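Chemist: Pasting the sequence and the predicted coordinates here, then a few questions.
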Amino acid sequence: MIPLAEARALVLDACPPLPPRPVGLAEAVGCMTAVPLVATEAVPTFANSAMDGFAVRAADVAGARDDAPVRLAVVATVNAGALADRPVGPGQAIRIMTGAPLPDGADAVVLVERTRPAGPGHVDIGLAVGAGTSVRPAGGDVRPGDEVLAAGTLLRPAHVGVLASLGLTEVVVVPRPRVGVVSTGDELIPPGRPLGPGQIRDSNRPMLLALVAELGAEAVDLGHVLDDEAALEAVLRTAAATCDVIVSSGGVSMGDADVVKLVLRRIAEVAWMQIAIRPAKPFALGRLAGTPVIGLPGNPVSSLVSFELLARPGLRRRAGRVDLDRPTETAIADAPIDRRPDGKVHFVRVTLRRAGDGLHATPVGAQGSHQLAASAAADGLAVLPDGPGVAADGLVDVIVLAAP
C-alpha cells in the first residue's frame, strides 16, 4: 500500500493546468485568469452625476441653507446618455439625472431632495456643497494603466461586469476542463429501467457527473459500457481525443479478469494502486493519448471518497486552481468514532453542527462502502489516523463537504 499523500502527488503531476485560451465573458465565471488584465481606458470615461438633482457651481451655493436658500435659474435638463446643450454659467443650474455627464461650468450636484421649485425656470437650493459633491469623476473606478485583474484571479460575476465596463468581450483564462465520466459492467442498469436477476442500478455515474459539475468543470457523460472490450476501447479512445480528463468507476481492484483493466493495460499507461486508506483503497491512474485517466473504485461510497480525496484536487489543478481541496476544520466528537489499527487512515462519514464551543461531528449510522444513502446525509469526512479512533468529546479533523 502507498500513502494517500503519495497517490495525491501522482494525480497532481498527471493533471497540469490546461493551456490558456480566450473565452467569452458568458463562459468566464469560475475560470482562472491566465494573464494580468490592464485597463486601456478610464471607467467612467466622463465625469457624471451620482444622483438626481441640479448641476451647479459650488461657489454659487456657498452658505445656502434650507431657511436661507440660494435661487438659481434653471437653463436646461440633461438625462443619462445625453449631453447638456449649454454650460452652467454664474447664477445658473441644470437639472441632471443619475449617470448624466456633468455639464461644462458645473463642479457639483445638489440632490433634488435639498431643492424646491421657485416659480417658472428657477430653483431654490437649500444646501451648500463643495466642488466634487455627488460627482463621479472620470477614472474614479478604473484609470488607464490600472491592473484590474491579476493573473490567477478566480472570476466571479462582478469581475465579468468590470471586464464588460472596459469594453471587453473575452478574457484569457485557464479553461474549464471537459471531464468524461464512464461506468462499466454487465451488472449495471441505468436508472429508470427494471432490474433483472443479479443487476444493480448505476448510481456512480450520475453521482460523479454531479460532483464534476459542482466543482465547475464541464461534465461529459460517456455513458454505461457493457463488459465488451471493443466497445469500451472505442469509448475511451473517443474520450481521450475530446476530453481533458477521463474518470471511470469500477474495475480497479486486484482481479485480473475485469474488462477495464484488460483494455487500459493494452491501450494506456496505467498504474494500479492500493492506497493506505479506508474506504477507497483501490485506485488507478494513467494516461491515454496524453489524457489523464482517473480510475475510481466501484463501491458507491468508495467512489465518492476517492473522488473527494484524489480526483477533485486533480480536476481543480487541471482548471488552474490553487485551492485544490475542501476546507478542513477541527471538530468535537459528539460520540465515539471507533476504529481498529490496520495501517490505514480512515475517513468516517459524519454529520456536522455548529455550537457556541465550535464545530461538532457525529458519525452517520452506516459506514459500509456500499451504503450510499447513509453517506448522503453526511456533511463531512472525519480523518482518523491509524490507531484506536477518537473518544466522545475528543477532537478530530474533518473535511467539510457541506456547510453545517
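Modeler: Looks like it came in fine. If you're wondering where the values come from, they're calculated on a predicted model, not measured in any experiment.

Chemist: And residue 342, how far from residue 7?
Modeler: The gap separating residue 342 from residue 7 is 17 Å, by C-beta to C-beta, to the nearest Å. In this view, the C-beta of every residue, glycine as well, is placed from N, C-alpha and C.

Chemist: Kindly report the same for residue 215.
Modeler: With C-beta to C-beta as the criterion, residue 215 and residue 7 are 19 Å apart.

Chemist: quick revisit: who has more neighbours out of residue 342 and residue 7?
Modeler: Between residue 342 and residue 7, residue 7 has the larger neighbour count (other C-beta atoms under 10 Å), namely 22 against 11.

Chemist: Just the buried positions in the helix or strand harbouring the more buried one, please.
Modeler: In this structure, residue 7 sits in helix 4-14 according to DSSP states H and E. By neighbour count on 16 or more other C-beta atoms under 10 Å, the buried set for helix 4-14 is 4, 7, 8, 10, 11, 12, 14.

Chemist: residue ranges of the helices in the protein, please?
Modeler: 4-14, 25-28, 157-165, 204-214, 229-242, 259-267, 300-306, 312-318, 372-376 (DSSP state H).

Chemist: helices and strands around the first one, which ones?
Modeler: What that stands for is helix 4-14. In terms of contacts (3 or more C-beta pairs under 8 Å, 6 or more residues apart in numbering; DSSP states H and E), helix 4-14 is packed against strand 282-288, helix 312-318.

Chemist: Figure out how far it is from the centre of its chain.
Modeler: Relative to the chain's own centre, helix 4-14 is displaced by 23 Å; criterion: C-alpha atoms, centre = their mean, to the nearest Å.

Chemist: just to revisit the earlier point, in CSV, list the C-alpha atoms belonging to the helix holding residue 7.
Modeler: Extracted in CSV, the C-alpha atoms of helix 4-14 (Å, rounded to 0.1, in the frame of the first residue of the first chain):
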residue,chain,number,x,y,z
LEU,A,4,-2.5,8.9,0.4
ALA,A,5,-0.1,11.9,0.1
GLU,A,6,1.9,9.9,-2.5
ALA,A,7,-1.1,9.0,-4.6
ARG,A,8,-2.3,12.6,-4.4
ALA,A,9,1.1,13.9,-5.6
LEU,A,10,0.9,11.5,-8.6
VAL,A,11,-2.6,12.7,-9.5
LEU,A,12,-1.5,16.4,-9.4
ASP,A,13,1.6,15.6,-11.5
ALA,A,14,-0.7,13.9,-14.1
